[in-house]
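Visitor: Next come a sequence and a model predicted from it.
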Amino acid sequence: MADSLIITTSTDPFTRGLDYLYGVRSLALTPAIIDLVDRLDDRISICTWIGNHIDAVNRQLTGYVQGCHDCFHAWEQPPIQIFAAPLVESFKIDGLCNLQTNPVTILVDVGRVVPKDWLRLVVHEYAHAHAGSPGHHSQFERSLAHLCLGLEIALPPDQPDQKDWLQFYPDYVSTQDPLAFWRGQGQDSRSLN
């Protein structure tokens, strides 16, 4: 598991944040999923906030991945790195698992989810990594059920349209303004150090 995405030696928060976004952009399935490097209206405030706070956010997410790892034997744990990143709204996803990187990369937009539910988002993406393939099929369902049991998250009830339903499990509370967190607005983003 990667501890951090080392991409800059700068101490300037804006530069660190911008370099970070370029770094996670290179790990995404498509670079277009992280477009804030091109959006001048929010770039300064978001990059500065990221430069000052992203290490704390990623430490917390790495702890959640470790909790997921602890649900499996060592030989069943896929090598994973996880990073928080603001994802483009038009893709309509809160997280993704890039199985084409080594280690597997999980990117989650923590601005879209209330902090108490970040683990639930990580669990969903970890289940994809553990299953080793995209989609919400039976192997994904088995991995997800195992994680839910190990982390004391209610198991998904049987549904007639299980594959469609699994793409949204475990459920979590979405935020009203995903970019507010990344701008440093709101209690959730200000409480990180």
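Guide: Thanks, I have it.

Visitor: tell me which element the nearest residue to Cys47 once chain neighbours are set aside falls in.
Guide: Distance criterion CB to CB, 6 or more residues apart in numbering; nearest residue to Cys47, sequence neighbours excluded, is Gly17 at 3.3 Å. The C-beta positions use only the backbone N, C-alpha and C, and glycine is treated the same way. Following DSSP states H and E, the helix or strand that holds Gly17 is helix 13-25.

Visitor: what about that helix, distance to the chain center?
Guide: 16 Å (CA atoms, centre = their mean, to the nearest Å).

Visitor: C-terminal to that helix, what's the next element?
Guide: Scanning forward in sequence from helix 13-25 by DSSP H and E, the next helix or strand is helix 40-69.

Visitor: If you count contacts, what does that next one end up packed against?
Guide: Identification of packing neighbours for helix 40-69 by 3 or more CB pairs under 8 Å, 6 or more residues apart in numbering; DSSP states H and E yields helix 13-25, strand 80-84, helix 118-131, helix 178-183.

Visitor: about what we covered before: could you give the mean pLDDT of the helix holding Gly17?
Guide: Averaged over helix 13-25, pLDDT sits at 93.

Visitor: ok and it relative to strand 80-84, angle-wise?
Guide: Helix 13-25 runs at 140 degrees relative to strand 80-84, counting by axes from the mean of the first three to the mean of the last three CA atoms, to 10 degrees.

Visitor: want to throw the helices and strands packed on helix 40-69 into JSON lines with distance to Pro31 and mean neighbour count?
Guide: Listed next are the helices and strands packed on helix 40-69 as JSON lines, based on distance: least, CB to CB, whole Å; neighbours: other CB atoms under 10 Å:
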{"stretch": "helix 13-25", "distance to Pro31": "5", "mean neighbour count": "20"}
{"stretch": "strand 80-84", "distance to Pro31": "14", "mean neighbour count": "24"}
{"stretch": "helix 118-131", "distance to Pro31": "19", "mean neighbour count": "24"}
{"stretch": "helix 178-183", "distance to Pro31": "18", "mean neighbour count": "20"}
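
Visitor: Right, I'll leave it there.
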